[in-house]
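In: got a structure for you, letters missing:
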Ligand SMILES: [Ca+2]
Ligand SMILES: [Ca+2]
């Protein structure tokens, strides 16, 4: 009786089976599922182009196009702005996570506020089937603003998460990458700036 559903909230995201270098001049494309640059050239009205071509996303609310780490970025108001990564539902993102042995997610984020909460401050949320499987990135505000990566690839697994050791700074660009090695029950968190 589960209806397939997907909600995605993010700053800027790459999903890949291998770690991709986010330098836009030379991204790793082998195994790359989706890449949303948030560059103005890749945004037409409310559509945010996936430059890998499978998952054009939809802007919800009224985020502003601003200068980013690489080219442009989207600035969200923290109230009702987000980008829905899979407006058609159940496409390549579902296939990439459902039953997979490992998946990597990467974002660049520059928060101007981090609320004092454990599970909010969502950067990326992929929930499939309510959620039977998915991946999330959030910034935990109660313990030094650490990035938390969580997920599972099938309903019979436990949802597991891990936190980075260094703080995400307000007003600065931070790179957050998580390798979710579902097959070996390991999560690797990388933080850089
Ligand atoms: Ca808004
Ligand atoms: Ca960009």
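Out: Yep, that arrived. Treat the numbers as computed from the prediction; the structure is a model and nothing was measured. Ligands and ions are numbered 1, 2, ... in the order given.
In: Now name the helix or strand holding the most centrally placed residue in the chain.
Out: Nearest residue to the geometric centre of the chain (C-alpha atoms, centre = their mean): residue 124, 3.6 Å. Assigned by DSSP states H and E, residue 124 belongs to strand 122-128.
In: Helix or strand next in line after that strand, which one?
Out: Taking DSSP H and E, what comes next after strand 122-128 is strand 133-140.
In: between the helix or strand just after that following strand and strand 133-140, how big is the angle?
Out: Proceeding N to C from strand 133-140, the next assigned helix or strand is strand 146-152, under DSSP H and E. Interaxial angle, strand 146-152 versus strand 133-140 (axes from the mean of the first three to the mean of the last three C-alpha atoms, to 10 degrees): 170 degrees.
In: as a whole number, average confidence for strand 146-152?
Out: Strand 146-152 shows a mean pLDDT of 97.
In: Next, the buried residues of the helix or strand that comes right after it.
Out: Using DSSP H and E, the helix or strand that follows strand 146-152 in sequence is strand 160-167. For strand 160-167, burial by neighbour count (16 or more other C-beta atoms under 10 Å) applies to 161-164, 167. Where you see a C-beta, it was placed from the backbone N, CA and C, and this is true even at glycine.
In: next one: stretch 113-122
Out: For stretch 113-122, by 16+ other C-beta under 10 Å, it's 114, 121-122.
In: Quote the end-to-end distance of that stretch.
Out: 12 Å (C-alpha to C-alpha, to the nearest Å).
In: Read off the pLDDT value for the closest residue to residue 139 other than its chain neighbours.
Out: Among residues not flanking residue 139 along the chain, residue 121 sits closest, at 4.1 Å (C-beta to C-beta, 6 or more residues apart in numbering). As predicted, residue 121 sits at a pLDDT of 93.
In: same thing with residue 30?
Out: We have a pLDDT of 89 for residue 30.
In: Can you give me the neighbour number for it?
Out: 8 (other C-beta atoms under 10 Å).
In: Could you measure from it over to ligand 2?
Out: 21 Å (C-beta to the ion, to the nearest Å).
In: ok so, going back, ok, so of the buried residues of strand 160-167, who is nearest ligand 1?
Out: residue 167 (27.1 Å; C-beta to the ion).
In: excluding its backbone neighbours, what's nearest the closest residue to ligand 1 within the chain?
Out: Nearest residue of the chain to ligand 1 (C-beta to the ion) works out as residue 61 at 3.9 Å. Once flanking residues are discounted, residue 61 sits nearest to residue 81: 3.6 Å by C-beta to C-beta, 6+ apart.
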